[in-house]
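Visitor: Okay, sequence plus prediction incoming.
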Amino acid sequence: MKYFPETTNYDMDTCAGKAQYLAHTEIEPIKLLIEHTQLSLNVSIRSLGQCIQKYDMTSRFKESSDCSNVQMIMTSRVAPLAYQSIILILMSLMEEAFKCWCRMIEIINDSCPDFDTEFRGKRKGELEKTFDYLQEYTQIKDIESDGDWEKIRAIRTARNAVVHHGGRVPEKSKELLEKYNIGMREEDNSVYIDKDTINDIYNTVISFVDRIFEKSVVLERQSFSGEKVRGR
């Protein structure tokens, strides 16, 4: 089914595979949200353009000017705000996917501490805390060596700017966002997300999640079969 995963595509005999499937059930519908948001915005902007043409033809210049102003606001402010809101949802779901994986591990292994109440990660970031847990209680050890980790950090920085600073990016973080083509408005360094950027962000998140989870699936399978796990 499009926008929703099939269990046959995941290794449901492993903890990581089950967690990966659950992650996709939460994250894949965001793709539909992105597409629906783009469609709705395009319809609204196009409809306003048609109204402008109609009012111009009948010399109703005030109405034409009003529609033109609304169209400009839709294009320059409403669309980026809509895509900003999707980043908040997407990053929250990604963080929860890793937390869910940690909770599954504690369920199947009584020797692991409760992630939410007993585990104290070495670092304060929500993702980093889950990485500490996974790297301590599973065989995966190099999550932050993934090629997209720095880009995920850039996306998270943009999310935090929206949540904590009204979208304005701290000076120290500008270079990181620029490196990964996350736009900022020139006048106030506010995060500016267009449709291409939000699609790229979605693809980055889903591919990052899949690589980490699938790597752990392989390690679990090797452990089940008694194969030597590299680095262990």
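Guide: Received, thanks.

Visitor: Now do the SS call for residue 147.
Guide: coil (DSSP: H, G, I helix; E, B strand; the rest coil).

Visitor: quick one: pLDDT of it?
Guide: For residue 147, the pLDDT comes out at 96.

Visitor: ok, it to residue 127 distance?
Guide: According to C-beta to C-beta, to the nearest Å, residue 147 stands 16 Å off from residue 127. (Each C-beta comes from the backbone N, C-alpha and C, glycine too.)

Visitor: Could you do residue 37 as well?
Guide: Residue 37 sits 25 Å away from residue 127, going by C-beta to C-beta.

Visitor: if I read this right, residue 79 contacts residue 197, doesn't it?
Guide: No. Because the distance of 11.2 Å does not satisfy C-beta atoms under 8 Å, residue 79 is recorded as not touching residue 197.

Visitor: okay, those two: which has more neighbours?
Guide: For residue 79 and residue 197, the more surrounded residue by other C-beta atoms under 10 Å is residue 79, and the numbers stand at 23 against 20.

Visitor: just to revisit the earlier point, and residue 37 and residue 127? which has more neighbours close in?
Guide: residue 127 (20 against 17).

Visitor: Do I have it right that that one meets residue 98?
Guide: Yes. At 6.4 Å, residue 127 and residue 98 qualify as touching, with contact defined as C-beta under 8 Å.

Visitor: Find the residues that touch each one of these two.
Guide: Common neighbours of residue 127 and residue 98, counting by C-beta atoms under 8 Å, 6 or more residues apart in numbering, are absent.

Visitor: which residues of this protein fall in helices?
Guide: 15-57, 61-73, 79-108, 126-137, 149-165, 174-179, 195-225 (DSSP state H).

Visitor: low pLDDT regions in the protein?
Guide: Applying pLDDT under 70 to the chain flags the ranges 224-232.

Visitor: how many other residues sit next to residue 39?
Guide: As a measure of burial, residue 39 has 10 neighbours, counting by other C-beta under 10 Å.

Visitor: hang on, I meant residue 93
Guide: Neighbour tally, residue 93, other C-beta under 10 Å: 18.
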